[in-house]
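Predicted model and sequence below, questions to follow.
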Amino acid sequence: MPATPELQKYLSLLNPEQKQAVEHEDSPLLILAGAGSGKTRVITTKIAWLISEKNVDPRSILAVTFTKKAANEMRERAQAMEPSAEESQIRTFHSFGAYFLRRYAEAAGVDKNFTVYDDDDMVTLIQKSTPGLKKSEAASYAHSIALAKDYCLPPDSLRLGEVSSDPLFAEVYAAYQKRLRSTGNVDFGDLIMLPVQVLAENANIARQMHYRYRVIMVDEYQDSNVAQFLFLKALSGVDQDSGTYVCVVGDDDQSIYKFRGAEVQNILNFQKEFPGTQLIRLERNYRSTSAILNAANCVIKNNSDRLGKTLSAERGDGKKPDLIFLPNQDDEAAFCAELIKKQVKKGGTYSDWAILYRTNAQSLVFESEFLHKRIPYQVVGTLKFYEREEIKDLLAFLALLANSKDEIAFRRIVNKPARGLGPTSQDKIIDAAKEKSQDLITASKELAPSLSKKAREGLEKFSTLVDSFKEKLGDSTAASASDDSAASSNPDASNDSDADTVPANSKQNLGTLVEEIMQKSGLEEYHQADDEISGTQRVANMQELANNASLYPLSMDGLLEFLDSIELDRTLASQEDQSLDRVTLITLHNTKGLEFKRVIITGLEQGIFPRADKSGPELEEERRLFYVGITRAQDELYITSCAARRMYGRTEFMQPSVFLQEAGADTFRLLGNVPPSFERAINGGFLGGADFGDEGDYGDGEYSDGDFYDDTPQYGQQGRRSNAYGASSNFGASSNFGASSASAAPKIKHPLAKKYGLGQAVYHDDYGYGQIAKAEVRDGEYVIHVQFQNGGTKKFLPAYQAAQLMRVEE
DNA sequence: TCACAGTGACTTTTT
DNA sequence: GTCACTGTGA
């Protein structure tokens, strides 16, 4: 079959190494692909090439990634070149695990309609299976159990000591696992660990897999854990000489999930585990300017534990990244907002921009600042929506419909709203169900007569309700199981996508069921009361969930698909228009695989990034995280670091991140209030005025002088540019003011004392008109106290807050 | 069984 | 500063 014109076009776009990787055959292949080296292009082209040039059956190709976003992108791009790639399995590791387990549920000992327990559910189940544990203890065990499963260690493993030194751990783990099996459900770790066990214990299933998947590709291989490695080995049948073609792509410098069990050794040892492996390196970077790449290289070279690889820039020089020192996180947010607004005013778009931070909590300040300044934004990867109480309630109801042995879901909703069924009654029902191997609804019906009147009536109502909803799903026992293996049909296609399965014009979708549950279960009323008291949006949130559900058909399969889509990808709450023009707020971890024209990496402070307790290998992982962040930027990179930060309601004074010093003197253009210690550390004060010789790079109007960075020398020393990033043009020529105000504060020697002298009238957007009542110099900062007409007094740092505080001419 | 108020602990990072 | 947990009182 000749290559389609599209494929020809794509092939012609590849560089020699990429082309070699695409056309490689026969032996296992390890592609070491640096950031921005076009690895997704290689994988997708390879899929298309295999199908159209090598006549590989698209259904026999399995490509796994780590995030659903990456999987979707891969599928789209492969299909663009070769439409039949639609039939290939392009999924996340976990969703493939879920698919596998549903198909071989019996062999795995789980319910075919299982749902996936999240971390919270794990904690609850641990507390039930090992009574007496505090929540925090259970949470700690949950963490260890998850880690054990990442290493594919079952409860009876002799190597559990590697995961936890707690002598009770094995016991707690075993009790949990037993209880989990009795619910028929699985947790995240099971999605990988159980398939590995199934494949090890069932030679025929393993053989089916080897027969089914002739080509297996893994993206972001550096972040695979031991369980995933074993899964890959078992699926490919490398030890059985199955002849399956295996190709993995990764970058050891971007390994950032060690804490979750990712094992860099997987990539370092790949050639040993898969004999005859060929290695291809992709080191040409097409994404970033060389100034940005230089910064990335300067950072990562401080790591010792790496294969070593140097990216070369295929793009032009570009602008040197800016490193901006700011007083605190409010100013950090304000700075970012102003920077973005200015750029958009000049014709840029919001979606060019991404704000990166180390921890989710840091997004809050940006959110409120952006709301205030009317900057559209989206927060990526926040779990908040699915963690909301009302959403979890509704999901628990759905989970119970899917699997009526789900005790966690049962407990959550059986007494909500109150039906007189407290923990004691719940325990009774669950114990009875276990004893007789019944589902919880059957057990409820049997047990109801023995309960008190109130409890009995409540429980009877509840089980009737559940039954009626189950009926609407077409009854869970209706068989659809045909466990023929691969070749004949393609039963997977429907599992793959969400939007495609929408029944056109059908009123009977899952959304209507969700709405009905809201109303009839009393959850709507229950949360409505809350909305009225505390002004929350709970009912609206539930409605939102119903809207999402309406994309799925009203059937058990539709329900399972819906629950999977939520459980396996909680980051993608924003399936809404990707086309909307808005700023992206995102954790550094979540940026893996993404790119943006303009990137701001925030919070480069000791204790925040890197976190305080990091050293040795963990510090190296933090450093790689910084490297990942830097290499997301295409055209412009900004890095901010704050002198103080509010934590736990207290203000902590911060030191600049050690990573900044490591990067060296020439890597960034320094702006703002550079801490003297930092300046000494990186080069004994390299910022002699002459070093601004490269100013020409920035004088092109991108942000012309005085727009962002006020030229007024602040400290006298070294004639450095200062960082009054506010619109200084608002202030007119300073000579108009000087004399009188300076004489009003004769004692204070500070460059800003002239502009912001005692008695100066000012205007603030939020507080209105006021007058400077007091001025002082603290820690080298010029601080003014403003008495506002509305009665309040506020402190300001004119060096940074000029934008909010306008001087009023008299 | 539930509602409330006071107290303590707390922030990684994610499928 | 915020959230979740605990104990008290109705």
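Nice, thanks for sending it over. These figures come from a predicted structure and were not determined experimentally. Numbering: from 1, shown residues only, chains lettered A, B, ... in the order given.

leaving aside the residues next to it on the chain, what's closest to the residue nearest the centre of chain A?
Centroid check for chain A by Cα atoms, centre = their mean gives residue A:590 as the closest residue, at 3.4 Å. Closest residue to residue A:590 apart from its sequence neighbours, by Cβ to Cβ, 6 or more residues apart in numbering: residue A:381 at 4.0 Å. Quick note: C-beta positions are derived from backbone N, CA and C, even for glycine.

And the residue in the stretch 351-500 of chain A positioned nearest to DNA strand C, how far from residue A:541?
In the stretch 351-500 of chain A, the residue that lies nearest DNA strand C is residue A:387 (7.8 Å; Cβ to the nearest atom of the strand). Applying Cβ to Cβ, to the nearest Å, the value for residue A:387 to residue A:541 is 11 Å.

Residue A:594 reaches residue A:633, doesn't it?
No. Counting by Cβ atoms under 8 Å, residue A:594 sits too far from residue A:633 to count as a contact (10.6 Å).

Could you list the contact residues of the stretch 151-300 of chain A toward DNA strand B?
A:188, A:257, A:259-260 (Cβ under 7 Å from any atom of the strand).

Can you flag the buried ones in the residues you listed?
By the neighbour-count criterion of 16 or more other Cβ atoms under 10 Å, those include these buried positions: A:188, A:257.

so which two of the residues of the stretch 151-300 of chain A next to DNA strand B are the farthest from each other?
A:188 and A:259 (14.5 Å; Cβ to Cβ).

Looking at residue A:387 and residue A:541, which has the bigger crowd around it?
residue A:541 (18 against 13; other Cβ atoms under 10 Å).

Alpha carbons only: can I get the helix or strand encompassing the more buried one in PDB?
Using DSSP states H and E, residue A:541 maps to helix A:538-549. The C-alpha trace of helix A:538-549 is given here as PDB (Å, rounded to 0.1, in the frame of the first residue of the first chain):
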ATOM      1  CA  ARG A 538     -23.600  22.900  45.200                       C
ATOM      2  CA  VAL A 539     -26.800  22.300  43.300                       C
ATOM      3  CA  ALA A 540     -25.300  24.100  40.300                       C
ATOM      4  CA  ASN A 541     -22.200  21.800  40.600                       C
ATOM      5  CA  MET A 542     -24.400  18.700  40.600                       C
ATOM      6  CA  GLN A 543     -26.200  20.100  37.600                       C
ATOM      7  CA  GLU A 544     -22.800  20.500  35.900                       C
ATOM      8  CA  LEU A 545     -22.100  16.800  36.500                       C
ATOM      9  CA  ALA A 546     -25.400  15.900  35.000                       C
ATOM     10  CA  ASN A 547     -24.500  18.000  32.000                       C
ATOM     11  CA  ASN A 548     -21.300  16.100  31.600                       C
ATOM     12  CA  ALA A 549     -23.200  12.800  32.000                       C
END
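
Buried ones in that helix, by neighbour count?
So, applying 16+ other Cβ under 10 Å, buried residues of helix A:538-549: A:538-539, A:541-543, A:545-546, A:548-549.

what mean pLDDT does that helix have?
Helix A:538-549 shows an average pLDDT of 86 in the prediction.

pLDDT wise, what is the residue of chain A found nearest DNA strand C at?
Residue nearest to DNA strand C within chain A: residue A:649 (2.7 Å; Cβ to the nearest atom of the strand). As predicted, residue A:649 sits at a pLDDT of 76.

Please give me every residue in contact with the residue nearest to residue A:590.
Listed by Cβ atoms under 8 Å, 6 or more residues apart in numbering, the contact set of residue A:381 reads A:360, A:571, A:586-587, A:589-590.

could you dump those to a markdown table with pLDDT, distance to DNA strand C and secondary structure?
Converted to a markdown table, these look like this (pLDDT from 0 to 100; distance: Cβ to the nearest atom of the strand, whole Å; DSSP: H, G, I helix; E, B strand; the rest coil):
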| residue | pLDDT | distance to DNA strand C | secondary structure |
| --- | --- | --- | --- |
| A:360 | 87 | 13 | helix |
| A:571 | 62 | 19 | helix |
| A:586 | 92 | 21 | strand |
| A:587 | 91 | 18 | strand |
| A:589 | 92 | 22 | helix |
| A:590 | 89 | 21 | helix |
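
Narrow these to just the buried residues.
Of those, these count as buried by 16+ other Cβ under 10 Å: A:360, A:571, A:586-587, A:589-590.

before we move on, back to that, wait, what's in contact with the residue of the stretch 351-500 of chain A closest to DNA strand C?
residue A:120.

How about residue A:14?
Neighbours of residue A:14 in contact, by Cβ under 8 Å, 6+ apart: A:22, A:38, A:41-42, A:45.

change it to 10 Å
For residue A:14, the contacting residues are A:20-23, A:38, A:41-42, A:45, by Cβ atoms under 10 Å, 6 or more residues apart in numbering.

distance of it from residue A:315?
From residue A:14 to residue A:315 the distance is 17 Å (Cβ to Cβ).

Any residues of chain A in contact with DNA strand C? List them.
So chain A meets DNA strand C at A:134-135, A:648-649 (Cβ under 7 Å from any atom of the strand).

Among those residues, which ones lie close to DNA strand B?
residue A:648.

The residues of chain A next to DNA strand C in helices, which ones?
residue A:135 (DSSP state H).

TSV please, covering the residues of chain A next to DNA strand C and showing neighbour count.
Formatted as TSV, the residues of chain A next to DNA strand C follow (neighbours: other Cβ atoms under 10 Å):
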residue	neighbour count
A:134	9
A:135	11
A:648	6
A:649	5
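
Point me to the residue of the stretch 151-300 of chain A nearest DNA strand B.
residue A:259 (3.7 Å).

Show me the shaky parts of the stretch 351-500 of chain A.
Applying pLDDT under 70 to the stretch 351-500 of chain A flags residues A:383-384, A:475-500.

Tell me the residues of it that contact DNA strand B?
So the stretch 351-500 of chain A meets DNA strand B at A:358-361, A:381, A:415, A:418, A:420-425, A:455 (Cβ under 7 Å from any atom of the strand).

Could you point out which of the buried residues of helix A:538-549 is nearest to residue A:67?
residue A:548 (18.7 Å).

Farthest-apart pair in the residues of the stretch 351-500 of chain A next to DNA strand B, please.
Within these, two members stand farthest from each other by Cβ to Cβ: A:358 and A:455, at 48.6 Å.
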